[in-house]
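> Predicted model, plus sequence, below.
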Amino acid sequence: MKTSTYSRPLLGKQPARILLVDSESFPSDPDMVDCLTEAISNFFSVACNLGGPSRMSLFGIMTFSSYPEILLPLSHVKSNYGRIQSAVKDLQSALKSRNSAAETETSVTRAIEEACRQYQRYMSFNSLQVRGVLQQVEIVLMTLRQTKKMQQQIEEALESSDLTNLKRVQLVEVDSWTKDLMETIPSLSQSSGLSSNSSSPTCGLLDVVRLDGDGLSLQNFFNAWLLNTDTDTEHLHLVLPEDSFSDNGNFIIRCDLQERVLNPAQLPFYEQFTVHSESASMKTFPTPSKATGMWIPIHRIIITDTIPVQNICESVIFGVPMIVQATSCWKLEWEELEKNQQRFKALCYLLMEKEMALIGHIKSPDPSLDGGNKKASKTLLPGKASEEKPCGWYVFLPAPNGTLLVKGIAAKELLLPYTGTTVMDDISDEALDSMRESFEKLEVLDNFNPLQRPSGLYRCLKAKYGHDEDKHSKHKSNHSIDMCSSPKQPCPGASLKIDHTGRRHPTGRGGTHRRMSPLPVKVGRLRSLVEFPQEL
């Protein structure tokens, strides 16, 4: 679909989600209950505290057996972790304490209908602004049982329900018995539109997902809810040199963007995931005056592994790179300084020789090691000093000039699943010929020199803030002229009266100056403060 503008929404239409859990199947596997609830709790600990616009607007939890039970009505996700965590604990207790009972044929149908009614009730009691953002609901049904019978019940429920605001129903079959077969069974398989009647109005609304019963598969399934899967507009245009097949002289490839790693700057404990502590701390202390006298920690990174440089995946590296070199701190003894530099050179030499990189994690500073240093009490660290903090991971890459380049590398909690299925097959000859012709018009560089690629930052900054400085100077000049030349004006509505001394006094309506009677002053003989001798 062609777009008429070069803009897109910040976030697409994020559906509200209602999780339906089959409470009759999970009591047979208590370990699976713990695994499921831990994955849900882990996901919402991030989703509820993630900065920026909400990626998941509403969420609800229900269980169903012979009848549906609402554990968490549709609620906002942003900054609502306490309430959601309480509902997850209730879900864990309900699944473990549930006694197995005979399954009714209408249990799934009732659960689907109740979920749709809950969404309609929520929308009817909210403003038009909320309704414009939340236009769809997605129902996720999780079970340990075979899904063939449930598929039929879901299709029957969809045929009798209002499908106006329903995005889809996702039936998730969790295999708790596939731990020994993880090497042969894919962790995620999906099929869509399972209705046998292609002309049915419910065709395409039902997706069946099969998950392994391990924590990683469940965690990736929930983490995928943070991805922007909206397909209303494209995200990126690649503009290449035109070729003979281009229309109107434009050779544009339209693309979508997908996050691979969560941005730690949008989460608490950002200072643990970057060695550039100044940028992490200046969010709290934006002015130099407030930062005066504050201290930042000396990072202690524990090296744990080495890895070949060619085996590092660029998709899991993030953040601003920093150059690492041997210290020149003048407070160290000369022998210690020289020994430290020799060790650093030896480290860089061996890494270059073996083409290896270092992997390490940051160690949180221990306030007790400062030995009562008063300066340590002003350390520029957000949060409480005694709270537990995560440990970010880093990779150190060697350089031929005897330095290291340190970058942040994704930890387990920051990694997002990749949902693409692109296969490099069946490329048409026309597309290849067109791309080859466009490539021939591109310049081939031996290396990239940033000094030859200006961005125009200086010009833009001067243009943006230079006008503000001119306005400030002009205003200051006009204010000085007014203070020097303008006489003091009386209050509005007052008239001027000139006395015998030539002074003007405001009188009449609106006058605020009141003439006071002179104070009696007795003038005596003035004596000189310094006595001079009479004979010089």
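That came through, no problem. Numbers count the residues shown, from 1 in each chain.
> Show me where the stretch 251-400 of the chain has its helices.
277-281, 288-291, 334-354 (DSSP state H, counting those that start in this stretch).
> what about the second one, average pLDDT?
So that's helix 288-291. Across helix 288-291, pLDDT averages out at 62.
> One more: stretch 18-36?
Stretch 18-36 comes out at a mean pLDDT of 87.
> for that stretch, how far is the first residue from the last?
15 Å (CA to CA, to the nearest Å).
> what's the most buried one of the helices of the stretch 251-400 of the chain?
helix 277-281 (a mean of 16; mean count of other CB atoms under 10 Å). To be clear about C-beta, it is placed using only N, CA and C from the backbone, and glycine gets the same treatment.
> tell me which residues of stretch 405-415 are tucked away?
Residues of stretch 405-415 classed as buried by neighbour count (16 or more other CB atoms under 10 Å): V406, K407, G408, I409, A410, A411, L414, L415.
> list the helices and strands the strand or helix carrying M32 packs on?
Per DSSP states H and E: M32 is located in helix 30-47. In terms of contacts (3 or more CB pairs under 8 Å, 6 or more residues apart in numbering; DSSP states H and E), helix 30-47 is packed against helix 81-97, helix 215-223.
> got the contact list for the helix or strand following it?
Proceeding N to C from helix 30-47, the next assigned helix or strand is strand 58-64, under DSSP H and E. Residues from elsewhere that reach strand 58-64 (CB atoms under 8 Å, 6 or more residues apart in numbering): 16-23, 44, 68-77, 84, 87-88, 91, 94-95, 98, 107-108, 110-111, 114-115, 118, 122, 134.
> D230 is nearest to which of the helices and strands packed on helix 30-47?
Among those, helix 215-223 comes nearest to D230, with 17.3 Å by CB to CB.
> need the helices of the stretch 251-400 of the chain in CSV with distance to A326, can you?
Formatted as CSV, the helices of the stretch 251-400 of the chain follow (distance: least, CB to CB, whole Å):
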stretch, distance to A326
helix 277-281, 20
helix 288-291, 27
helix 334-354, 4
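> looking at the ones you listed, which is closest to R453?
That would be, of these and by CB to CB, helix 277-281, which comes in at 23.2 Å.
> Let me know the average pLDDT across that closest one.
59.
> Among the contacts of strand 58-64, which lie within helices?
44, 84, 87-88, 91, 94-95, 107-108, 110-111, 114-115, 118, 122 (DSSP state H).
> Top of those by number of neighbours, please.
Among those, A115 has the most neighbours (other CB atoms under 10 Å), with 28 neighbours.
> Please identify the most buried of the helices and strands packed on helix 30-47.
helix 215-223 (a mean of 19).
> Quick one: closest of the helices and strands packed on helix 30-47 to R254.
helix 215-223 (26.4 Å).
> got the CA positions of whichever helix or strand comes after the closest one in CSV?
Following helix 215-223 in sequence order, the next helix or strand is strand 236-240 (DSSP H and E). Provided in CSV are the C-alpha atoms of strand 236-240 (Å, rounded to 0.1, in the frame of the first residue of the first chain):
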residue,chain,number,x,y,z
LEU,A,236,12.2,2.5,6.4
HIS,A,237,13.0,3.5,2.8
LEU,A,238,16.3,2.4,1.2
VAL,A,239,16.9,4.8,-1.7
LEU,A,240,19.4,3.4,-4.2
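> after the least confident helix or strand in the chain by mean pLDDT comes which helix or strand?
Least confident helix or strand, the chain: strand 188-192 with a mean of 43, by mean pLDDT, DSSP states H and E. Later in the chain than strand 188-192, the nearest helix or strand by DSSP H and E is strand 206-212.
> Over to the nearest residue to S97 once chain neighbours are set aside: give its phi and psi.
Nearest residue to S97, sequence neighbours excluded (CB to CB, 6 or more residues apart in numbering): P27, at 7.9 Å. Per-residue torsions, P27: phi -60, psi -20 (degrees, to the nearest 10).
> any idea how far P27 lies from M150?
18 Å (CB to CB, to the nearest Å).
> How about L405?
53 Å.
> show me what contacts Q92?
So, once contact is read as CB under 8 Å, 6+ apart, Q92 ends up touching V33, D34, T37.
> please redo it, this time with the cut-off set to 10 Å
F26, P30, V33, D34, L36, T37, E38, I40, S41 (CB atoms under 10 Å, 6 or more residues apart in numbering).
> Show the contacting residues for the residue lying closest to the fifth one once chain neighbours are set aside.
By that I understand L36. Excluding its sequence neighbours, the residue lying closest to L36 (CB to CB, 6+ apart) is L218, at 6.2 Å. By CB under 10 Å, 6+ apart, the residues touching L218 are 32, 35-40, 42-43, 142, 172, 174, 187, 211-212.
> Check which residues of the helix holding M32 are buried.
Within helix 30-47, the residues that count as buried by 16+ other CB under 10 Å are 32-33, 35-37, 39-44, 46-47.
> I appreciate the help and will end here.
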